[in-house]
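Q: Dropping the sequence and predicted coords here.
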Amino acid sequence: MYSVKEAFYTLQGEGARAGRASVFCRFTGCNLWSGRERDRATSHCRFCDTDFIGTDGQHGGRFADAQALANHLMSLWPHAQEAAAPYVVFTGGEPLLQLDTPLIEAMHAQGFEIAVETNGTLPSPDGIDWLCVSPKGDATLRITQGDELKLVFPQSDAMPEQFTHLAFKHFYLQPMDLSPRGGQGTTMKDTVSYCLAHPQWRLSLQTHKIAGID
Ligand SMILES: C[S@@+](CC[C@H](N)C(=O)[O-])C[C@H]1O[C@@H](n2cnc3c(N)ncnc32)[C@H](O)[C@@H]1O
Ligand SMILES: Nc1nc2[nH]cc(C(=O)O)c2c(=O)[nH]1
Ligand code: SF4
Ligand SMILES: [Mg+2]
C-alpha cells in the first residue's frame, strides 16, 4: 500500500534539472517532522515548505500495489507520442519511507526515468536514475553519494563545508524560503554571497514559485 498526498504534472523547479517536464508524486509522511505546525519548532527539520499530511491533495490517494500507482502516474504524463521519456519525481514528505523495488520496477516497465528528492537519512533502493539529497540540520546523513546534493541555506547545524567531500556530481545551495515559518523573503543575498566565495556551489532557485506553478 502506498499513501500519496498529491500527484501532478509540472516543471521541475529546482536543481540541475530545473525546467524539465515531470510528473511529481508526493508521498504522505516524513521522518523528520510530523507535518503539524505545533511540532515544527521541536523537529529535526523546521523550515519545510510543504503539506504532506493525508491523501487528500490533487490526484492523491491510497494505492494497493505498485502497478496501480504506476498506472495512475502514467495517466498524468500527457506526451505518449513524443520522443522524450516520461519523467517522474518522487518526493514528499520523505519518499524513501515508501519507494521500494516493486514500484521502481513498475515505473521502469512503463518507460519512466525516475528521480527522487530525499533528506538522505534513509537507505535508498537500487534503480533510481537521478538522486537528489538535501541534508537537514543535525539529522544523520546516510546517503553520501548521488547525482546532486541540494542544501537549503543557511542552516547553522548543516553548513556547506560539511558536505564538499561527498561523492555528488552537482552541489547546489537553495535559499531558505522563510515564509513557511512566518518570515519574509528568502535568504537570497547570503546564498549568492556564499556561491561567489565558494565556486564549488551553484545557486538553485525554486523557479516554480517564481513561475507561479505547482
Ligand atoms: C519538501 S522536500 C521533500 C523531499 C525530502 N523530504 C527532502 O527534504 O529533500 C523537497 C525539497 O524542498 C526543499 N525545501 C523544503 N523547505 C524549503 C524551504 N523553506 N526553502 C527552500 N527549500 C525548501 C527541501 O530541502 C527539498 O530539497
Ligand atoms: N515544481 C516543483 N519542483 C519541485 N522540485 C522539488 C519539489 C519538492 O517539493 O520536492 C518541487 C515542487 O514542489 N514543485
Ligand atoms: S525532510 Fe523534507 S519533507 Fe520532511 S520536513 Fe524536511 S523538507 Fe519537509
Ligand atoms: Mg516543493
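A: Arrived safely, thanks for sending. Ligands and ions are numbered 1, 2, ... in the order given.
Q: And the strands in this structure?
A: Ranges of strands in the chain, per DSSP state E, are 2-11, 21-27, 61-63, 87-91, 113-118, 130-133, 145-153, 167-175, 202-203.
Q: buried ones in the second one?
A: Right, the one you point to is strand 21-27. Neighbour counts over strand 21-27 (16 or more other Cβ atoms under 10 Å) mark S22, V23, F24, C25, R26, F27 as buried. Where C-beta positions appear, they are placed from N, C-alpha and C, glycine not excepted.
Q: Name every strand pairing with it and say which way it goes.
A: Paired neighbours of strand 21-27 in the sheet (DSSP bridges): strand 2-11 (antiparallel), strand 87-91 (parallel).
Q: That strand near ligand 1 anywhere?
A: No. Against ligand 1, strand 21-27 shows no contacts by Cβ under 6 Å from any ligand atom, the least distance being 7.8 Å.
Q: Quick one: work out the angle between that strand and strand 113-118.
A: Inter-element angle recorded for strand 21-27 and strand 113-118: 50 degrees (by axes from the mean of the first three to the mean of the last three Cα atoms, to 10 degrees).
Q: And the average pLDDT for strand 21-27 is what?
A: Mean per-residue pLDDT for strand 21-27: 98.
Q: Just the residues contacting that strand, thanks.
A: For strand 21-27, the surrounding residues in contact (Cβ atoms under 8 Å, 6 or more residues apart in numbering) are 2-12, 50, 52, 57, 60, 69, 73, 76-77, 79, 84, 86-95, 97-99, 112, 115, 214.
Q: centre of the chain versus that strand, how much separation?
A: Relative to the centre of its chain, strand 21-27 is centred 9 Å away, using Cα atoms, centre = their mean, to the nearest Å.
Q: CA atoms of it as PDB?
A: Extracted in PDB, the C-alpha atoms of strand 21-27 (Å, rounded to 0.1, in the frame of the first residue of the first chain):
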ATOM      1  CA  ALA A  21       8.600  18.400 -17.500                       C
ATOM      2  CA  SER A  22       7.900  16.000 -14.700                       C
ATOM      3  CA  VAL A  23       5.100  14.000 -13.000                       C
ATOM      4  CA  PHE A  24       5.500  14.700  -9.300                       C
ATOM      5  CA  CYS A  25       4.400  12.100  -6.800                       C
ATOM      6  CA  ARG A  26       4.300  13.500  -3.300                       C
ATOM      7  CA  PHE A  27       4.200  10.700  -0.700                       C
END
